[in-house]
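Q: Here's my sequence, what's the structure:
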Amino acid sequence: MRARFTLNGAPVETDVAPASMLLDLVRERGLTGTKEGCAVGICGVCTVLVDDRPVSSCLYLCGFLDGADVWTVEGLVEREPELADAFVECEGMQCGICTPGQVVAAAALRLRSPGAGAAEVREELAGNLCRCTGYETIVEAVMRYLERS
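A: This next block holds a predicted model:
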């Protein structure tokens, strides 16, 4: 099928297999910040925004892309450099595997609830699994980003 959508603010028109995954499409386009973790939608590392809502790109079928507005971690940090700055300043990453999903979750939270407190930040990040930290620096990074927005 032919899909017309935007990817990180740029128009895209491409042929897609309706049952193919958005994760594969963005990675094939060189956007490798979006990673595959669990492949069943529970770890959060493949999170992207579709129409300003966080989705697991490992589960999102390309057949639903037509007319969508898709943002990956690369596009979000380019659009909002203060987002990446907050993660760097607060050391909100360790190995980096979960960081793209955390960053996308932070951007989604700002869109939905820019004045969120720490409890809401923790709730938003609950779907993004991290094996390296106790989440404190990640929460601190998201709070700093929300304060600057």
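
Q: How about the most centrally placed residue in the chain: what's its closest non-neighbour residue?
A: The residue lying closest to the centre of the chain (CA atoms, centre = their mean) is residue 104, at 2.8 Å. Nearest residue to residue 104, sequence neighbours excluded (CB to CB, 6 or more residues apart in numbering): residue 47, at 4.5 Å. Heads up, the C-betas are built off the backbone N, CA and C, glycines and all.

Q: Just give the number of residues close to residue 16.
A: Other residues near residue 16 come to 20 when the count uses other CB atoms under 10 Å.

Q: Show the backbone phi and psi for the closest residue in space to it that isn't next to it in sequence.
A: Excluding the flanking residues, the one nearest residue 16 by CB to CB, 6+ apart is residue 62, at 3.9 Å. Here is the backbone geometry of residue 62 (degrees, to the nearest 10): phi -60, psi -20.

Q: re earlier: the residue nearest to the centre of the chain: what's it in contact with?
A: Applying CB atoms under 8 Å, 6 or more residues apart in numbering to residue 104 gives the contacts 47, 48, 49, 54, 71, 72, 73, 76.

Q: And the spatially closest residue to the fifth one that is not a sequence neighbour, how close does it get to residue 80?
A: Which is residue 71. Nearest residue to residue 71, sequence neighbours excluded (CB to CB, 6+ apart): residue 49, at 4.2 Å. Distance, residue 49 to residue 80, by CB to CB, to the nearest Å: 12 Å.

Q: now swap in residue 124 and tell me
A: Per CB to CB, residue 124 is found 16 Å from residue 80.

Q: Cheers, nothing more for now.
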